[in-house]
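> structure here, sequence nowhere to be found:
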């Protein structure tokens, strides 16, 4: 009996795709219709073989001595990342972090369409932040019914994280982008991506004043 | 002839230390003076051997069948991360992202002491955001001389990133925490930690609607 093996996508490769994409769009703007792994590798100080493997997860293959058509490569990456379509999202927590996300134009380019923000603060409710309307958190469950919301972005204080996540689950989101330090208790089929600023600070602070080699390798 | 080999610290292990630390402090508050890798592993759904390897980078070794003294383990992690001392920082760009960082109390616990913020906006200059005074960006170079600033936090728009980084280099910072999507041109001896929100979004969006295995492994 056969079970079809699911494809495996290494997360570090996925994380590198956005920077390649940015570079490729620059190259396209300059009229470069062909691009090689070597050129990309040189730009980012990486091994050419690594770039080739990263790009291969999108399903595209370059031609030896020629490389990729820039346009096709851009399409392949955007298609793989799901950035060539609109992804509807709710943002919960319209504080300064939430505002920063609402104001970051890069995400719009990536297809992220934050249709509504929610907060409990009466001073924020009814306002718009970077053109996104802020509603009462109490209305989120009702507004989210059959609204096709795929992603919930959690920028609430830690104490409110699980409650907000529970409502996102009820709404039927497929993914939660969690900016809180809380480990959420949500069904396994919902994708949860955590932004861990403390982890990032740990890498920075531990490297100060140390004469050591830091590696990307997992042990 | 011998060259002393520098220690190697895997970054994914470092990234996991803050969550262990948070858990260990909870355990200490509950009066648990001893803790084992197995307990930590169970809490985070990880392999016990992985937890042991992660903790070993701090230089601490648990005792078989006994584990670690919670206090000693907390000290070892904080010492390794440099979180048991004050790390003075400048923040450049007092917009919503900068404000979010200034308002995040967790960083203060980690020793991060943002002594001043800088901006070019006259409406922000002279104000204080979460008790941190905002100064004219033009004064940063002067104020940073011999001020013992170890870290610069970059939360400026992309177009201003390199200019701000250049001044941080002149001030003599050892590390830059870069929240912009720009790859900075800075001397190699300065540690640069990039917060790549687009990379995080890429991992999230690419996993939606995909029947695939995503691995932490590098290829």
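Looks like it came in fine. Keep in mind that this is a model prediction, so the values were computed, not measured.
> so how far is residue B:89 from the closest residue to residue A:97 other than its chain neighbours?
The spatially closest residue to residue A:97, leaving aside those adjacent along the chain, is residue B:100, at 3.8 Å (C-beta to C-beta, 6 or more residues apart in numbering or on different chains). Where C-beta positions appear, they are placed from N, C-alpha and C, glycine not excepted. Counting by C-beta to C-beta, to the nearest Å, the gap between residue B:100 and residue B:89 amounts to 15 Å.
> hmm, stretch A:185-205 touching chain B?
Yes - Stretch A:185-205 is in contact with chain B by C-beta under 8 Å from any C-beta of the partner chain, via A:191, A:193, A:195-205.
> which ones among the residues you listed map onto strands?
Using DSSP state E, the members of the residues of stretch A:185-205 next to chain B that fall in strands are A:191, A:193.
> would TSV of the residues of stretch A:185-205 next to chain B with neighbour count be doable?
What follows is these, written out as TSV (neighbours: other C-beta atoms under 10 Å in any protein chain shown):
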residue	neighbour count
A:191	22
A:193	18
A:195	22
A:196	18
A:197	19
A:198	20
A:199	18
A:200	20
A:201	27
A:202	27
A:203	22
A:204	26
A:205	27
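> quick check: buried residues in the longest strand belonging to chain A?
In chain A, with assignment by DSSP E, the single longest strand is strand A:112-119. By neighbour count on 16 or more other C-beta atoms under 10 Å in any protein chain shown, the buried set for strand A:112-119 is A:112, A:113, A:114, A:115, A:116, A:117, A:118, A:119.
> of those residues, list those near chain B.
Of the buried residues of strand A:112-119, the ones that also sit near chain B (C-beta under 8 Å from any C-beta) are residue A:112.
> what's the closest of the buried residues of strand A:112-119 to chain B?
For the buried residues of strand A:112-119, the residue nearest chain B by C-beta to the nearest C-beta is residue A:112; the value is 6.7 Å.
> spatially, which residue comes closest to that closest one, not counting chain neighbours?
Closest residue to residue A:112 apart from its sequence neighbours, by C-beta to C-beta, 6+ apart: residue A:87 at 5.5 Å.
> let me see the ranges of the helices in chain A.
Counting by DSSP state H, chain A forms helices over residues A:11-29, A:37-44, A:48-56, A:70-81, A:96-103, A:105-109, A:140-144, A:158-171, A:197-207, given from the N-terminal end onward.
> rank these by pLDDT, which is bottom?
Averaging pLDDT over each of the helices of chain A singles out helix A:105-109 as the lowest, with a mean of 86.
> helices or strands next to it in the packing?
Helix A:105-109 is packed against helix B:197-207, with contacts defined by 3 or more C-beta pairs under 8 Å, 6 or more residues apart in numbering or on different chains; DSSP states H and E.
> figure out how far the helix it packs on is from the centre of its chain.
When C-alpha coordinates are averaged (C-alpha atoms, centre = their mean, to the nearest Å), helix B:197-207 and its chain have centres 20 Å apart.
> same check on stretch A:18-36?
Mean-position distance between stretch A:18-36 and its chain equals 20 Å (C-alpha atoms, centre = their mean).
> buried residues in that stretch?
A:18, A:19, A:20, A:21, A:23, A:24, A:27, A:28, A:35, A:36.
> grab the nearest non-local neighbour of the last one.
Spatial nearest neighbour of residue A:36, chain neighbours left out: residue A:67 (3.5 Å); criterion: C-beta to C-beta, 6+ apart.
> tell me the contacts of that neighbour?
Residue A:67 is in contact with A:34, A:35, A:36, A:37, A:39, counting by C-beta atoms under 8 Å, 6 or more residues apart in numbering or on different chains.
> could you rerun that using 6 Å?
A:34, A:35, A:36 (C-beta atoms under 6 Å, 6 or more residues apart in numbering or on different chains).
> buried ones in stretch A:150-169?
Of the residues in stretch A:150-169, those buried by neighbour count under the rule 16+ other C-beta under 10 Å are A:150-156, A:160-162, A:164-165, A:167-169.
> widest-spaced pair of these?
Of all pairs drawn from the buried residues of stretch A:150-169, the one with the largest separation by C-beta to C-beta is A:150 and A:160; the distance is 21.5 Å.
> so residue A:59 versus chain B, what's the distance?
Residue A:59 sits at a distance of 12 Å from chain B (criterion: C-beta to the nearest C-beta, to the nearest Å).
> for that residue, give me the pLDDT.
93.
> kindly report the same for the one 10 residues further on.
Per-residue confidence at residue A:69 stands at 95 (pLDDT).
> partner residues bridging it?
Listed by DSSP bridges, the beta-bridge partners for residue A:69 are residue A:34.
> gap between it and residue A:57?
18 Å.
> for residue A:157, same thing?
Distance of residue A:157 to residue A:57, given as C-beta to C-beta: 36 Å.
> alright, I will stop here.
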